[in-house]
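Trainee: Pasted the sequence and its predicted model underneath.
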Amino acid sequence: MIVKKRKVPLAIRKLRALAYRLPPNHPKLPIIMNDLKKREAGHKGECSIDFPLGFLEPKSYYIFHDLRLQDQSRFFQLDTLLISKKYALIIEVKNISGQSILIRISTSSFER
């Protein structure tokens, strides 16, 4: 069961509104569009996990998208938290294009 649905992030909605309102020759428009494209790619990557999660039995799992939690005085964000009776799984999604990613099991590291 999806407890907390995924929404389009506020930063993306703000950048879209700003880009729509600026004239095409505005000097900051390329910077805004570049930031918007990066954020939209990240959001698209996060949404890509929704399809496979849809195959899970709704009565057996609780799904929380875009969860913002607090640890004492700090906040942190989880892309997706999946909870069952036996375990909790944190899913962090990265949408990276262009270069491959090397996974080194011996050092538990990722390299781009």
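Mentor: That came through fine. Numbers count the residues shown, from 1 in each chain.
Trainee: use CA for all of it now, contacts and neighbours both
Mentor: OK.
Trainee: This structure: helices as residue ranges?
Mentor: For the chain, applying DSSP state H gives helices covering 10-21, 29-48, 50-53.
Trainee: Could you report the neighbour count for Asp79?
Mentor: By the measure other C-alpha atoms under 10 Å, the count of residues near Asp79 is 19.
Trainee: Excluding covalently adjacent residues, which one is nearest to it?
Mentor: Leaving aside its chain neighbours, Asp79 sits nearest to Asp66 (4.8 Å; criterion: C-alpha to C-alpha, 6 or more residues apart in numbering).
Trainee: before we move on, what about Arg104?
Mentor: Leaving aside its chain neighbours, Arg104 sits nearest to Phe110 (6.2 Å; criterion: C-alpha to C-alpha, 6+ apart).
Trainee: From the contact counts, what lies against the lowest-mean-pLDDT helix or strand in the chain?
Mentor: Every helix and strand in the chain was compared by mean pLDDT, DSSP states H and E; the lowest is strand 109-111, with a mean of 79. Applying 3 or more C-alpha pairs under 8 Å, 6 or more residues apart in numbering; DSSP states H and E, one finds that strand 109-111 contacts strand 102-104.
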